[in-house]
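Asks: Test case, fold it:
(chains A, B, C and D)
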There are 2 protein chains.
Amino acid sequence: METKERIMKEALTLFFKRGVKAVSMDDVAAHLGVSKKTIYKWFVNKDELVFESIQEYVQAMEQTCCGTIEGANNALEALFQILEMVRGLMREVHPSIFYDLQKYHAKAWQLWLDHKNGFFLQQTKENIQRGIEEKLFRQDVDVEIVSRLRLAEVELGFNSEVYPVAQFDLQQVQIALLEHFLFGIATIKGHKLINQYKQITEEE
Amino acid sequence: METKERIMKEALTLFFKRGVKAVSMDDVAAHLGVSKKTIYKWFVNKDELVFESIQEYVQAMEQTCCGTIEGANNALEALFQILEMVRGLMREVHPSIFYDLQKYHAKAWQLWLDHKNGFFLQQTKENIQRGIEEKLFRQDVDVEIVSRLRLAEVELGFNSEVYPVAQFDLQQVQIALLEHFLFGIATIKGHKLINQYKQITEEE
DNA sequence: ACTTTGGAAACATGAAAAGTTTCCATGCGT
DNA sequence: ACGCATGGAAACTTTTCATGTTTCCAAAGT
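Replies: Predicted coordinates for the structure are as follows:
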């Protein structure tokens, strides 16, 4: 693997596990078993390392999302597969990562905002629209309002004022929120299909 | 009506319509057609006027909520009536009121936080629990996570980063969020009952 | 190992609103 | 009619808050 890639990958791992602020360039270097010099050979400064790592990550994420959504048989299955993805991603993530980006890495935060309000919002709206056409999601959901809710929920899950780290598990929270969201837009037909995916039998 | 009450009522009206920061003591006095002297006769300072007005409001709110929930035939109907209440309340509210309290009136904000994390959280949890027992809400909803979501949604609706004033109507947003929440926790049986309340027929 | 940088914290500044005082018109009891 | 309490208008002082500057230290960067 190319050195630059290795650096970004390791940095990202550390950022996710401990937050961005809490990880120094010395840390990254130490974990890679290289000197800081090597890192600065590839990245002008920490800000850029953060930016490029996050960019790489977000882009990979978008690819996966696109693939998942296109591959899904219907809008509901798409969201269900996203749920599985989230389960994997949220295994070990430090909640401060969002806060740190916002506070100390304006460029990287802007990148996230752009993708959130651009790609992810668009994707979410389209998928909900698709679900409505498939009669899996209710016709009377306000797509604009509800899709923004979904994006806000992601960040809400990271908010340790609402879900204190001591009491809640980030992974569980994210999954519960996504699942609740899914039921929130589903028709009865959609609801039954979710039960099928979840292998739940529900009296009517 | 007692003078003190009249002052609080007018202040509250102005706070809701324009936000707290944007309303000066001169404004309140002018709107009442009295001098500041009269206001300061009843309230030591603005902070106290804000605090007492909000307290009055929150307490009235709790009374109404209690009555509503107790009077309802089931947990779902309770939430439905809350929805109607929200519709009335959100007719003309300036989104900045939450922000202003949080930033400039620590005591009043703490009051809101206390009631939110105390009474409202408790009430929400109990009502969801009740709904689960009535088989109207799904057994597998995580009550702790989802009730906190509901409280966060109220504040989310006021967040003009997510729902810009220019594009969204606060009343519509709040209603859409509450409705989505309701569907999000409902069983199929509950879902059908909602449709009944909404007078919607849905193919299955 | 050494220098530089960026952000937190402590410290100014000024404008606007909070809060106070003064003065005067009005109403009321004697 | 006179003194006295009340509260409004407005002039006045004080506080608050947004903005900007300086200092200092840990971590960035060499």
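
Asks: close to DNA strand C, is the helix or strand in which A:Val50 is found?
Replies: Element membership of A:Val50 [criterion: DSSP states H and E] is helix A:46-71. No. Helix A:46-71 stays clear of DNA strand C (CB under 7 Å from any atom of the strand), getting no nearer than 7.5 Å. Every C-beta, even on glycine, is put in place using the N, C-alpha and C of the backbone.

Asks: Go ahead and measure how far that helix is from the middle of the chain.
Replies: Between the centre of helix A:46-71 and the centre of its host chain there is 10 Å, according to CA atoms, centre = their mean, to the nearest Å.

Asks: Just the buried positions in it, please.
Replies: A:46, A:49-58, A:65, A:68-69 (16 or more other CB atoms under 10 Å in any protein chain shown).

Asks: Can you name the residues of chain A sitting close to DNA strand C?
Replies: By CB under 7 Å from any atom of the strand, the residues of chain A that approach DNA strand C are A:36, A:103-104.

Asks: ok, back up a step: so for the helix holding A:Val50, mean pLDDT?
Replies: Averaged across helix A:46-71, the pLDDT comes to 92.

Asks: Contacts only, for the residue of chain A found nearest chain B.
Replies: For chain A, the residue closest to chain B is A:Gly184, as judged by CB to the nearest CB, at 3.3 Å. Under the criterion of CB atoms under 8 Å, 6 or more residues apart in numbering or on different chains, the neighbours of A:Gly184 are A:146, B:180-184.

Asks: how about the helices of chain A, start to end?
Replies: Taking DSSP state H as the criterion, chain A carries its helices at A:3-18, A:25-32, A:36-42, A:46-71, A:75-89, A:96-104, A:106-115, A:121-133, A:143-158, A:170-185, A:188-198.

Asks: can you list the ones you listed in TSV and add distance to DNA strand D?
Replies: Formatted as TSV, the helices of chain A follow (distance: least, CB to the nearest atom of the strand, whole Å):
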stretch	distance to DNA strand D
helix A:3-18	11
helix A:25-32	4
helix A:36-42	4
helix A:46-71	3
helix A:75-89	25
helix A:96-104	10
helix A:106-115	12
helix A:121-133	29
helix A:143-158	22
helix A:170-185	24
helix A:188-198	44
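
Asks: Any chance of TSV for the ones you listed, columns distance to B:Phe98?
Replies: Below are these laid out as TSV (distance: least, CB to CB, whole Å):
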stretch	distance to B:Phe98
helix A:3-18	31
helix A:25-32	38
helix A:36-42	43
helix A:46-71	30
helix A:75-89	29
helix A:96-104	19
helix A:106-115	22
helix A:121-133	24
helix A:143-158	15
helix A:170-185	21
helix A:188-198	33
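
Asks: ok, what's across the strand from A:Pro186?
Replies: No, residue A:186 isn't Pro; it's Ala. Listed beta-bridge partners, A:Ala186: A:Phe137 (assigned using DSSP bridges).

Asks: For B:His191, see how far away it is.
Replies: Going from A:Ala186 to B:His191 by CB to CB, to the nearest Å gives 8 Å.

Asks: Between those two, which contacts overlap?
Replies: With contacts defined as CB under 8 Å, 6+ apart, the residues shared by A:Ala186 and B:His191 are B:Phe183.

Asks: Which residue is the nearest non-sequential neighbour of the residue of chain A closest to chain B?
Replies: Leaving aside its chain neighbours, A:Gly184 sits nearest to B:Gly184 (3.3 Å; criterion: CB to CB, 6 or more residues apart in numbering or on different chains).

Asks: Setting aside sequence neighbours, what's the nearest residue to A:Ser35?
Replies: That would be A:Ala29: by CB to CB, 6+ apart, it lies 6.0 Å from A:Ser35.

Asks: check contacts around the one you found.
Replies: Contact analysis of A:Ala29 by CB under 8 Å, 6+ apart lists A:35-36, A:38-39.

Asks: Could you report the neighbour count for the closest residue in space to A:Asn74 that isn't next to it in sequence?
Replies: Distances taken as CB to CB, 6+ apart place A:Glu134 nearest to A:Asn74, at 5.2 Å, with adjacent residues excluded. A:Glu134 has 16 neighbours, counted by other CB atoms under 10 Å in any protein chain shown.
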